[in-house]
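Asker: Sequence and predicted structure below; questions after.
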Amino acid sequence: MSEQSPSEDARAGYADALPEYAERVLDVAERIPPGRVMTYGDVAEWLAEGGPRQVGRVMALYGSAVPWWRVVRSDGVLLPGNELRALARYREEGTPLKQAGPSTEGHLPRLDMRRARWDGDAGTEGHI
């Protein structure tokens, strides 16, 4: 997340100025339930538009207005530069994590993607 991103309560103020694709990406991010995640590629696939890089760009520019920590890398590595903020959110929400081994730099856990991944269906607890 960029320091230049708008604050969480600013989204309403710039919604009219957002590109349509960005608005759609942010809508998906808002739908992800607490304790679950979607990858950048999952979001693009769910929208049937763009790709992981486009979703990542939207999240970097506008993501602070939504639960940004729920849109993640496919390898489960915490967002560089925001690891501790994201980790606090994951622990608060009960997001499944894999503990890091002692050889892992910084000893930060990764997301347990098998258990944390959400398929976009609000009525299920399934995986993509």
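Answerer: Arrived safely.

Asker: C-alpha from now on. contacts and neighbour counts both.
Answerer: Fine.

Asker: Strands of this structure, start to end?
Answerer: Per DSSP state E, the chain has strands spanning 38-39, 71-72, 97-98, 110-111. These are given in chain order.

Asker: what comes into contact with the third one?
Answerer: In this case it means strand 97-98. Strand 97-98 has contacts (C-alpha atoms under 8 Å, 6 or more residues apart in numbering) with 109-112.

Asker: which of the strands of the chain is buried the deepest?
Answerer: Taking mean count of other C-alpha atoms under 10 Å as the contact definition, the stretch among the strands of the chain with the greatest mean neighbour count is strand 71-72, which reaches a mean of 26.

Asker: ok, that strand: who's next to it in the sheet?
Answerer: Applying DSSP bridges to the sheet, strand 71-72 is found paired with strand 38-39 (parallel).

Asker: which residues touch the partner strand?
Answerer: 32, 52, 70-74, 117-119.

Asker: just checking, which of these belong to helices?
Answerer: In this view, the contacts of strand 38-39 that belong to helices under DSSP state H are residue 52.

Asker: Quick one: the contacts of strand 38-39 as JSON lines, columns for pLDDT and distance to residue 98 too.
Answerer: Shown next, in JSON lines, are those (pLDDT from 0 to 100; distance: C-alpha to C-alpha, whole Å):
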{"residue": "32", "pLDDT": "97", "distance to residue 98": "20"}
{"residue": "52", "pLDDT": "96", "distance to residue 98": "23"}
{"residue": "70", "pLDDT": "98", "distance to residue 98": "16"}
{"residue": "71", "pLDDT": "97", "distance to residue 98": "17"}
{"residue": "72", "pLDDT": "97", "distance to residue 98": "15"}
{"residue": "73", "pLDDT": "95", "distance to residue 98": "15"}
{"residue": "74", "pLDDT": "95", "distance to residue 98": "14"}
{"residue": "117", "pLDDT": "97", "distance to residue 98": "13"}
{"residue": "118", "pLDDT": "97", "distance to residue 98": "17"}
{"residue": "119", "pLDDT": "89", "distance to residue 98": "20"}
